Each structure stands twice: as C-alpha cells, then as structure tokens.
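[1] have a look; sequence and predicted model below, questions after that.
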Amino acid sequence: MVYRNPYDGYSEEYGTSQEEYGAAQDQQGVYYTQQPTQVTTSGWTSEQSGVGQTRAQEGGGTYTRPAPSTSSSTMGTKARSGEVWPRGSDHLFSCWAFTLSLHSLWTLPMMVVQHGGLAFLLIYTTLVMVLGAPLLLLELALGQYSALPPARLFRHRCPLLAGLCLAFTLLATLRGMLDLAVLMWSGQGLFHLFSSQAISEGFLSREILGQEEATLQELGGLRNQVLLVLGIAALSTFVFLVAGTKSVGKVSMVAVPLAYMLLVTLTIRACLGEGAPQGVLDLLTPNWAVLTMPTVWLEAAAHVVFSLQLGIGALTTFASYSKYSHSLVRDAAILAGAHLAWVALTTILTLALLELARVEGEELFQANPSTGVLLAATLGETAWTALGHGWLWAGLYLILVIIIGITSMFGYIEVITSSIVSLRQDLTKFKPLVAFMVVALLFLLDLVLATQGGITVYNLLTTFISTWPTLLFSLLTVVAALLCHGTSHLMRDLEDMARQRLHHWVSSHLSVIYYSFLPAVLTASLAWTLYRMAGHGPSLAPAWALAALPLAPLLLGALVHMAWLRRGVPLAMHVRRLVKATDRYYKNEHRETAATSRASSKRAGRD
C-alpha cells in the first residue's frame with residue numbers, strides 16, 4: 001500500500017518523479033503510477049476543502065495537492081492506533097513540565113552571574129525567541145504531523161539520518177540515569193533534613209554523597225539507605241507514568257503549578273534575608289560589554305537548548321500523541337513565555353542565595369566546577385543556614401528538585417519505551433511492562449552512581465556526553481527538515497495542523513530562521529561547546545571515548561542505508577531516496593484528509 005507524498009509525488013519505492021521512473025513494479029509485482037502535479041501561474045493562496053485539496057505556494061505559481069487516493073481513503077476508515085492525549089491540555093502541561101529542567105534551576109543562573117548579569121539575561125531572552133521557540137516548534141511539528149516516535153521518525157523523515165533513532169534512545173537512557181541519581185541524592189538529603197531538622201556541617205559530603213576517599217578508580221561500596229531511596233525514586237516514577245498519556249498529563253497538571261508555587265515561595269523567602277535584595281541588584285547590574293562578545297552569544301545559545309531540553313526527542317514523542325489538528329503554534333508560544341518567567345525566578349533565587357552565602361559566583365565555581373549538583377548542594381548548605389528554620393526551606397528546595405527530576409524522567413522514559421514498542425506493533429499492549437523494564441534498567445545502571453564515588457562518575461558523564469549531543473541532534477533535525485521537506489512545506493503543515501493562517505510576517509521570518517540562523521548558530525555553538533569541553537580533561541581517554549559514542553549510531557545508520565539497504569536500486573536513485581521523506585511520513589496527513597472527507601460527505605448527506 002502506497003501513500004503518496006502530497007507535495008512532489010514521491011513514492012518511497014521508486015524515487016522522485018513520474019518523468020524519470022513512470023509506472024514501476026515493486027518487489028511483490030504490484031504496479032503503481034504517479035499522477036503529475038498541476039501547476040498554474042496565479043498568485044498563491046492557502047485553502048482546504050472537504051475533499052482534502054489544498055493550494056499552496058510552490059515556486060512562482062500555485063501548487064494543487066491531489067485528492068487522496070483510494071488506498072489512503074481506505075486507511076482513513078481505520079481508527080488511529082496507539083496512544084493519544086485525552087485533551088490538548090494534557091500535551092501542553094506534559095511538555096511544560098519537561099521544560100522545567102534542572103539545568104535551568106541551578107546551572108543557567110550561575111552563567112548569568114559569570115557573564116554580565118542582566119546583559120546575559122537579555123541575550124538569553126533574545127535567543128529563546130529567535131532560536132529556542134522556532135526549534136521547539138519544529139520538534140512539536142515533526143511529531144504531530146507524522147504521529148511517529150523518534151525511533152521511527154527520522155528513518156522515514158530522512159533515511160540518511162536513520163541513526164538518529166538509536167542516538168535519541170541512548171541519550172534518553174543516559175539522561176534518565178543521571179536524573180534518577182539526582183532524585184536519589186535529593187531523597188537522601190530530604191530524609192536527613194526532616195529527621196534531624198537541622199543542616200549539619202558537612203551535610204553534602206557526608207549525608208548525601210557519602211564521600212570518603214573514593215575516586216574514579218576506587219568507587220567504594222554501596223550504602224543500604226541510598227539503595228532504598230533509589231528504589232523508592234524508581235518505583236514512584238513508574239507509578240506516575242504506568243498509564244501512559246492518561247496519567248502523565250494529569251500528574252504534570254499538578255506538578256507544574258506546584259513547582260512554580262514552590263519557586264515563588266523560596267524566592268520571596270530568600271529575598272527577605274539580610275542583604276539579599278541589594279545583593280540581587282548588584283549581581284544583576286549589567287555588563288554591557290558582553291553584548292559585543294560572540295563567545296557569550298554562543299554560550300547562551302547552547303544554554304537555550306540545554307535548559308529547554310531540546311534535541312532529546314521527548315517533545316517530539318509527546319507531540320506524536322496529539323491529534324493532527326492540535327494548535328501547536330499556541331503551545332510553543334506558551335512554553336517559550338513560561339520558560340522565560342521560570343528562568344527569571346530561578347535567577348533571582350540563585351542570586352539571593354549567593355548573597356546569603358556571602359560567596360562570589362567565581363569562588364563557588366572554583367570549588368565545584370564540574371556539575372550543577374554540587375553547585376546547588378553547596379550553595380544550599382551554606383545559604384539556607386542563614387535563615388530561620390533553614391532546614392525547612394532547604395527541604396522545600398529539595399522537593400522542588402524532586403518534582404523537576406520526576407517530570408524530566410517522564411520524557412526520557414517515554415522516548416525509550418516508545419522506541420522499543422515501535423519495533424513491533426503487537427508490543428503496544430505490553431507498553432506498561434516495557435516501561436517497568438526500562439525503569440528497572442535505569443535502577444541497575446544507577447548502582448554505579450549509588451557508590452561513594454558515584455558523584456565522580458556523574459561529573460564525568462555530565463561533562464563529556466550528556467549535554468553537547470543535544471546541540472548536534474538539534475542541528476541534524478533542522479538539516480533534515482530543510483533537506484527533505486523545505487520551509488514552504490513546513491509552513492503549510494503548520495497552518496493545516498493549527499487550523500489557522502499564519503501571518504506572512506511570521507511565516508517569512510520563520511523560514512529565514514530555519515534556513516539561515518538556526519543552522520549557523522547551532523553549528524557555531526556546537527563547535528564552541530566542544531572546544532570548551534576539551535579544557536576539562538583532554539588527557540582522559542575514557543572520557544573522550546564516551547564523547548564519541550553519540551556519533552556511532554549516526555555513522556552506522558548512514559552506512560547501513562547507503563550500502564546494505566540499497567537492494568539493487570540504481571545508485572543515483574538510491575542517493576536521492578536517502579534525502580527524501582518516505583510515504584510513511586505522510587500517512588498521518590492522509591488519514592486526517594480521509595477522515596475530513598468522510599465527515600464532509602456525511603454532513604452533505606444529512607443536508
């Protein structure tokens with residue numbers, strides 16, 4: 001069964017045009033023909049009728065999308081298989097909860113301290129609007145348009161980048177492992193705070209991390225209490241997500257307001273401390289010279305991707321469960337605005353804690369340069385003690401960390417489970433069991449981090465492999481969209497899915513951003529991030545071996561599709577097919593078009 005590409009008549013079996021291939025025979029002996037598109041020379045419009053015909057700009061004329069074929073109409077009679085969000089708000093809050101990252105809670109505010117205060121915030125805000133929001137919109141659009149998880153999306157979106165399927169899964173596994181470790185340490189600290197009702201000296205190293213003389217070579221032993229907390233964290237995460245879209249959205253609707261309320265409460269209390277308001281004003285004093293520094297802009301661009309948790313595949317996975325006509329443009333605008341408000345609050349909170357701790361940001365970074373976990377823990381250990389009932393406020397801060405960690409785990413585990421389930425259609429009914437096995441795997445992997453030297457392993461993974469691949473994957477996502485689809489087609493898809501006409505100013509600027517700004521900035525930011533990473537430990541061979549791991553699936557996938565899956569097709573045709581979306585990528589749109597046609601026919605019959 002073939003689903004025709006609605007834009008250029010491409011069939012995944014035979015290439016790119018009727019003139020070149022004509023009628024062709026597949027391996028089963030079934031013949032297919034391509035109908036040439038109809039092009040006129042009038043000005044362009046965008047409209048959609050009940051039978052699924054649209055007109056959109058194509059070159060200098062008007063492109064008429066053909067009506068759905070018999071095969072696509074037949075498929076449209078079947079209900080969409082797989083999970084869907086019960087309501088659009090479930091999707092919005094799930095994505096919103098996932099973007100409340102731990103990176104934006106403690107690492108990004110310290111970057112503000114290091115790089116010019118308010119001036120860096122202005123740079124970051126600008127890049128969120130022109131880089132983060134368009135990239136976020138693109139990830140949502142790919143998932144919602146195709147209804148495919150990342151494990152299958154890029155295999156049909158751009159066969160040459162099929163290795164991204166495995167790369168997303170491996171990265172989600174690593175990030176899930178690291179965030180589960182943060183839940184473990186936060187739960188351990190929360191237990192001791194509420195049991196002793198005091199922040200003791202050495203609370204971080206003794207009570208939370210249990211460090212003694214452990215190193216990377218000698219990690220030390222496991223602690224029973226830490227294992228218990230790790231098991232509780234893993235089991236709680238599984239309970240919250242076991243029902244899939246029916247539970248994740250509801251839990252996120254509770255987690256997002258609760259996280260904001262906790263953050264506002266902690267920010268107000270920290271600012272009421274002695275000298276904290278003046279300290280915030282002093283640290284926010286802008287250093288306008290950073291506006292002329294290209295490296296600061298590249299640093300801010302990287303933190304936009306890291307803080308919004310783009311390039312991981314979770315947002316695309318969540319969007320694949322949305323209805324085709326869901327208003328994703330509205331969701332992207334809400335997520336971008338809410339993220340900026342979140343960053344403003346976390347920055348004020350961190351600056352107030354710095355003033356309470358009476359320590360400069362540079363000194364704190366010199367003490368703990370490798371990871372945000374130690375930064376946050378050290379800062380909390382020294383700052384909250386300056387307030388009355390400091391153990392209580394420190395406990396609320398750890399509760400906030402736990403909420404953010406759990407909602408991030410939802411996205412990571414969903415990427416992994418959807419990737420596994422997509423391998424075989426009959427695995428869908430066993431998805432809760434697959435999710436349990438994934439959580440169990442993460443629990444076993446975290447046994448390394450539960451040792452006395454686990455924080456050393458955490459630092460190594462965070463520094464060399466957990467962040468920079470998101471820049472690479474984001475860049476490849478943009479390249480795939482430009483190479484295989486084009487921005488004009490993407491704008492039409494956005495209008496069709498959002499059921500609204502995008503203003504010409506919006507669509508034209510988005511096209512320019514996708515074609516020029518996003519690829520250029522992501523490439524430059526990736527190069528700068530790798531250059532900075534080289535200064536952390538260039539002599540560590542295992543670390544650089546870890547850093548090379550994300551490239552292995554990409555190269556393997558490209559080689560397999562270029563050589564092994566050629567299947568006797570002429571080389572020129574095969575190369576063109578590698579950079580063309582397959583018919584499966586357009587299946588969801590054909591299904592929607594057929595359903596719209598049937599609904600229109602029924603209304604016409606009643607009339």
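    Yes, it's here.
[2] pull out the buried residues from the helix or strand harbouring Trp393.
    Per DSSP states H and E, Trp393 falls inside helix 390-421. Neighbour-count burial for helix 390-421, counted by 16 or more other C-beta atoms under 10 Å, picks out 390-391, 393-421. Bear in mind the C-beta positions are built from the backbone N, C-alpha and C, glycine included.
[3] please apply the same query to stretch 290-302.
    Neighbour-count burial for stretch 290-302, counted by 16+ other C-beta under 10 Å, picks out Val290, Val296, Trp297, Leu298, Glu299, Ala300, Ala301, Ala302.
[4] mind listing which of the residues you listed are in helices?
    Among those, the ones falling in helices (DSSP state H) are Val296, Trp297, Leu298, Glu299, Ala300, Ala301, Ala302.
[5] which one of those residues sits closest to Gly244?
    Gly244 has its nearest neighbour among these in Ala302, at 32.4 Å by C-beta to C-beta.
[6] for the closest one, give me its contacts.
    Neighbouring residues of Ala302 by C-beta atoms under 8 Å, 6 or more residues apart in numbering: Thr467, Trp468, Leu471, Ser525, Leu526, Trp528, Thr529.
[7] how close does it get to Leu475?
    Relative to Leu475, Ala302 is positioned 12 Å away (C-beta to C-beta, to the nearest Å).
[8] list residues touching both of those two?
    Counting by C-beta under 8 Å, 6+ apart, the residues touching both Ala302 and Leu475 are Leu526.
[9] continuing past the helix holding Trp393, what's the next helix or strand?
    Next along the chain after helix 390-421, taking DSSP H and E as the criterion, comes helix 431-445.
[10] helices and strands around that next one, which ones?
    Secondary-structure packing of helix 431-445 (3 or more C-beta pairs under 8 Å, 6 or more residues apart in numbering; DSSP states H and E): helix 164-196, helix 224-241, helix 390-421.
[11] could you dump these into CSV with distance to Val254 and mean pLDDT added?
    Below are the helices and strands packed on helix 431-445 laid out as CSV (distance: least, C-beta to C-beta, whole Å; pLDDT from 0 to 100):
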stretch, distance to Val254, mean pLDDT
helix 164-196, 17, 90
helix 224-241, 10, 92
helix 390-421, 9, 92
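[12] which one of those lies nearest to Lys250?
    helix 224-241 (9.3 Å).
[13] the inter-axis angle of the helix or strand encompassing Ser247 versus helix 390-421?
    Using DSSP H and E, Ser247 falls within helix 245-271. Following axes from the mean of the first three to the mean of the last three C-alpha atoms, to 10 degrees, one obtains 150 degrees for the angle between helix 245-271 and helix 390-421.
[14] same question for whichever helix or strand comes after helix 245-271, mean pLDDT?
    Next helix or strand after helix 245-271 toward the C-terminus (DSSP H and E): helix 276-284. Throughout helix 276-284, pLDDT has a mean value of 79.
[15] what comes into contact with helix 276-284?
    Contacts with helix 276-284, where a contact means C-beta under 8 Å, 6+ apart, come from 113, 117-118, 121, 270-271, 348, 351-352, 354-356, 361.
[16] quick one on the thing from earlier: so which of the contacts of Ala302 are in helices?
    Under the assignment DSSP H, the contacts of Ala302 contribute Trp468, Leu471, Ser525, Leu526, Trp528, Thr529 to helices.
[17] if we can go back for a sec, helices and strands around the helix holding Ser247, which ones?
    helix 88-99, helix 224-241, helix 276-284, helix 328-357, helix 390-421.
[18] in TSV, list these along with distance to Asp446.
    Compiled in TSV, those are given as follows (distance: least, C-beta to C-beta, whole Å):
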stretch	distance to Asp446
helix 88-99	20
helix 224-241	6
helix 276-284	35
helix 328-357	26
helix 390-421	12
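[19] looking at the ones you listed, spot the one closest to His485.
    Closest to His485 of these, according to C-beta to C-beta: helix 328-357, at 15.9 Å.
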